[in-house]
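Colleague: this one's structure only:
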């Protein structure tokens, strides 16, 4: 891919139904993970965007909060996650992390690293506010909106390049020092962003020791 990849231009082309990446993108697999919310707009949005880009995208919604009731991830549920990771064999994992679930994200990331060598990118409210802390459990921390960052990452994966130098994507250097990459740019043309996925293929919901594909939000289910 080109050194001059323009993520915003790629987003415009995808929005117009045009091709933004070569056919090889179909060989890339990504696992997008939401913690404790079935309604995660970031993960539903990323699932739609990745599918538009031509990737093999899977969206995992691990647990769903019910008011102030946040049940821990059980051993059975973690085993279901492991089975899914082995099945997908992702090239990339993206996790959306809200502040209350940082410890869960740490435990999940540790478990994922035993299963796959795929880089783990964390985003959402916690990495945006505390990117340095987020790098304690993610290989990269996205600060700000992630759509353009994600498209830039797809381009890098296709080119076999690392993700260093992407605006908004923090990481640590070879000496373990945090590299500040600022804040990812806002997408001002909101119509370019695809609608969040709803009952699309390859969506997974793990809760109460059960793995299902049916989207509870599509059925009007509210918890």
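Modeller: Received, thanks. The shown structure was predicted, so the numbers you read here are calculated from the model rather than taken from an experiment.
Colleague: could you give the mean pLDDT of stretch 155-167?
Modeller: Mean pLDDT, stretch 155-167: 96.
Colleague: 17 is where my numbering starts, stick with that
Modeller: With the count now opening at 17, the last piece we talked about shows up as stretch 171-183.
Colleague: any stretches of this structure with poor pLDDT?
Modeller: The chain contains residues with pLDDT under 70 at 17-19, 83-84, 236-239.
Colleague: would you map the helices across it?
Modeller: 23-31, 57-69, 91-104, 118-129, 141-145, 147-150, 163-175 (DSSP state H).
Colleague: a markdown table for the ones you listed, including distance to residue 205?
Modeller: For the C-beta atoms, the positions are set from N, CA and C on the backbone; glycine is no exception. Compiled in a markdown table, the helices of the chain are given as follows (distance: least, C-beta to C-beta, whole Å):
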| stretch | distance to residue 205 |
| --- | --- |
| helix 23-31 | 8 |
| helix 57-69 | 14 |
| helix 91-104 | 31 |
| helix 118-129 | 31 |
| helix 141-145 | 21 |
| helix 147-150 | 26 |
| helix 163-175 | 11 |
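Colleague: those: which one's closest to residue 51?
Modeller: Nearest of those to residue 51, taken as C-beta to C-beta: helix 118-129 at 5.6 Å.
Colleague: give me the contacts around the closest one.
Modeller: With contact meaning C-beta atoms under 8 Å, 6 or more residues apart in numbering, helix 118-129 is reached by 49, 51-52, 78-79, 88-89, 94, 97-98, 101, 109, 111, 113, 134, 136, 138, 142, 149, 152-154.
Colleague: buried stuff in it?
Modeller: Neighbour counts over helix 118-129 (16 or more other C-beta atoms under 10 Å) mark 118, 120, 121, 124, 125, 128 as buried.
Colleague: what of stretch 181-200?
Modeller: Applying 16+ other C-beta under 10 Å to stretch 181-200 flags 182, 184, 185, 186, 187, 197, 200 as buried.
Colleague: from the residues you listed, which single one is nearest residue 58?
Modeller: Closest to residue 58, out of all of the buried residues of stretch 181-200 and judged by C-beta to C-beta, is residue 200, at 12.3 Å.
Colleague: mind listing what the residue nearest to residue 211 when sequence neighbours are not counted touches?
Modeller: Leaving out its chain neighbours, the residue that sits closest to residue 211 by C-beta to C-beta, 6 or more residues apart in numbering is residue 64, at 6.3 Å. By C-beta under 8 Å, 6+ apart, the contact set of residue 64 is 210, 211, 212, 213, 216.
Colleague: tell me if I'm right that the third one and residue 50 touch.
Modeller: No. Contact between residue 212 and residue 50 fails when scored by C-beta atoms under 8 Å: they sit 11.0 Å apart.
Colleague: one step back: ranking the contacts of residue 64 by neighbours, who comes first?
Modeller: Neighbour counts for the contacts of residue 64 peak at residue 213, which has 25 neighbours (criterion: other C-beta atoms under 10 Å).
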